[in-house]
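Student: Dropping a prediction and its sequence here:
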Amino acid sequence: MRRTSTAGRGIGADGKTYPKGITMRVFITGASGHVGSALVPELREHGHVVLGLARSDESARRLTGWGAEAVRGDLHDLDRLRAAASAADGVIHLAFRHDAMQVGDLAGAAESDLAALQTIGTALAGTGKPLISTSGTGMLARIVNNRTGTEADFDPNGGYRIDAENFVVDLAGKDVRTSVVRLPAITHSRLDLHGFAPTLIAFARQNGFAAYPGEGANRWPAVHTLDAARLYRLALESAPAGSRLHAVQDEGIEFRTIAETIGHGLGLPARSITADEASKYLGFLAQFAAMDSPASSAYTRQLLDWQPTHPDLLTDLAEGFYF
């Protein structure tokens, strides 16, 4: 970790001015993706040096354009991950094999995620350096019933993406300052080009209506991309070892309301579908559409003084840029 003069100041993605007291060399996987496109500038504006994993020439160009250094490789290149993590002052793991998830290979995507984290974790063991990984609030649907999920909720028995989350938290016992940021089902902004919001919109265009499961009373949380990026930075700089954090602004919006707002934006009706129809009208999202996973971020807000300041999901959808 490098320290700079506290006289220097930077303007963050939230428009506020912050002291640049600490500079880290931060290695980020998934740096050129959706959240990465907000996080890299956020870190740079606060004085950090960023090295981003880039699996293509286009990704490398994007990173260098943001003032970061590109490290060529992908999640399968474990030797490259190990070397980059060892040379960094901290690591933020954003990458996930969404390509595998979209064709139904959830197990393959989760295995790649866990293998990458095991490699990075081994490189950082005993150093006290920060490692921030990414998980999802969607897992709360299977472990919390009839209440809003909190950061304290977890499944010790493991499962899809839960194994990786538990592994990272346990690394705190090996002198790694770990934290896990759970992203909600929808992370939205003008930077969101391939997430669940544009995917739902694409399905609605294709179907001629915006679909919702059953009565659509199940709830999805959401957060603005820039607010999520700020939380990752705060976690990097000061989250206690073993923290589970929720990047949640909207605790839970009924899926029917989301569908109706999408329908309004497209000039299409919203319509209920049965569980048997879900795969036809919602594709790979069928396995997630009916989940009810409201989530609180009260602990995260208090712990890191994190307060979302950007538009909520329904406001962003009403702005029309998604359409």
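Tutor: Nice, I can see it.

Student: L200 reaches I262, doesn't it?
Tutor: Yes - under the contact definition of CB atoms under 8 Å, L200 touches I262, with a separation of 5.9 Å. In short, each C-beta sits where N, CA and C put it, glycine included.

Student: Touching both of those two, which residues are there?
Tutor: Listed contacts common to L200 and I262 are A210; contacts here mean CB atoms under 8 Å, 6 or more residues apart in numbering.

Student: any low-confidence regions in this protein?
Tutor: For the chain, applying pLDDT under 70 flags the ranges 1-22, 97-106, 108.

Student: can you rerun that using 90?
Tutor: Within the chain, the stretches with pLDDT under 90 are 1-23, 75-76, 96-113, 139, 142-143, 145-146, 157-161, 287.

Student: what about the longest helix in it?
Tutor: Ranked by number of residues, the top helix in the chain under DSSP state H is helix 106-124.

Student: phi, psi of the most centrally placed residue in the chain?
Tutor: When CA atoms, centre = their mean is applied to the chain, the residue found nearest the centroid is L183 (4.3 Å). When read as degrees, to the nearest 10, the backbone of L183 gives phi -90, psi 150.

Student: wait, what's in contact with it?
Tutor: With CB under 8 Å, 6+ apart, L183 has these contacts: 35, 134-137, 223, 228, 247.

Student: Which ones among those lie within helices?
Tutor: Per DSSP H, the subset of the contacts of L183 in helices is A228.

Student: returning to that earlier point: which positions are bridged to the residue nearest to the centre of the chain in the beta structure?
Tutor: G136 (DSSP bridges).

Student: Okay, it and D227: tell me how far apart.
Tutor: Note on L183: its distance to D227, by CB to CB, to the nearest Å, is 11 Å.

Student: Would you mark the buried spots in stretch 298-310?
Tutor: Using 16 or more other CB atoms under 10 Å as the test for burial, stretch 298-310 gives 300-301, 303-304, 306, 308, 310.

Student: Widest-spaced pair of those?
Tutor: For the buried residues of stretch 298-310, the maximum inter-member distance is 20.0 Å, found between L303 and H310 (CB to CB).

Student: Show me where the stretch 101-250 of the chain has its helices.
Tutor: Counting by DSSP state H, counting those that start in this stretch, the stretch 101-250 of the chain has helices at residues 106-124, 140-143, 162-170, 196-207, 225-238.

Student: hmm, back to that, distance to A87 and secondary structure for the buried residues of stretch 298-310 - can I get that in a markdown table?
Tutor: Listed next are the buried residues of stretch 298-310 as a markdown table, based on distance: CB to CB, whole Å; DSSP: H, G, I helix; E, B strand; the rest coil:
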| residue | distance to A87 | secondary structure |
| --- | --- | --- |
| T300 | 30 | helix |
| R301 | 33 | helix |
| L303 | 29 | helix |
| L304 | 27 | helix |
| W306 | 29 | coil |
| P308 | 33 | coil |
| H310 | 33 | coil |
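
Student: Dump those residues into a markdown table; add distance to A107 as well.
Tutor: Below are those laid out as a markdown table (distance: CB to CB, whole Å):
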| residue | distance to A107 |
| --- | --- |
| T300 | 29 |
| R301 | 34 |
| L303 | 33 |
| L304 | 33 |
| W306 | 33 |
| P308 | 33 |
| H310 | 35 |
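
Student: From the contacts of L183, pick the one nearest H194.
Tutor: Distances from H194 to the contacts of L183, taken by CB to CB, are shortest for V35, at 11.6 Å.

Student: re earlier: what's the most buried one of the helices of the stretch 101-250 of the chain?
Tutor: Of all the helices of the stretch 101-250 of the chain, helix 225-238 has the most neighbours on average by mean count of other CB atoms under 10 Å, namely a mean of 24.

Student: Looks like A235 contacts I132 (just checking).
Tutor: Yes - under the criterion of CB under 8 Å, A235 makes contact with I132 at 4.8 Å.

Student: which residues are common contacts for the two?
Tutor: 179, 181.

Student: tell me the SS of G52?
Tutor: Recorded secondary structure, G52: strand (DSSP: H, G, I helix; E, B strand; the rest coil).

Student: Test of understanding: give the bridge partners of it.
Tutor: I28, A70.

Student: List the contacts of it.
Tutor: 27-29, 31-32, 36, 40, 59, 63, 68-71.

Student: And A239, by the same measure?
Tutor: 130, 132, 177, 179, 245, 303-304.

Student: what do you get for L304?
Tutor: With CB under 8 Å, 6+ apart, L304 has these contacts: 231, 234-235, 238-239, 245.
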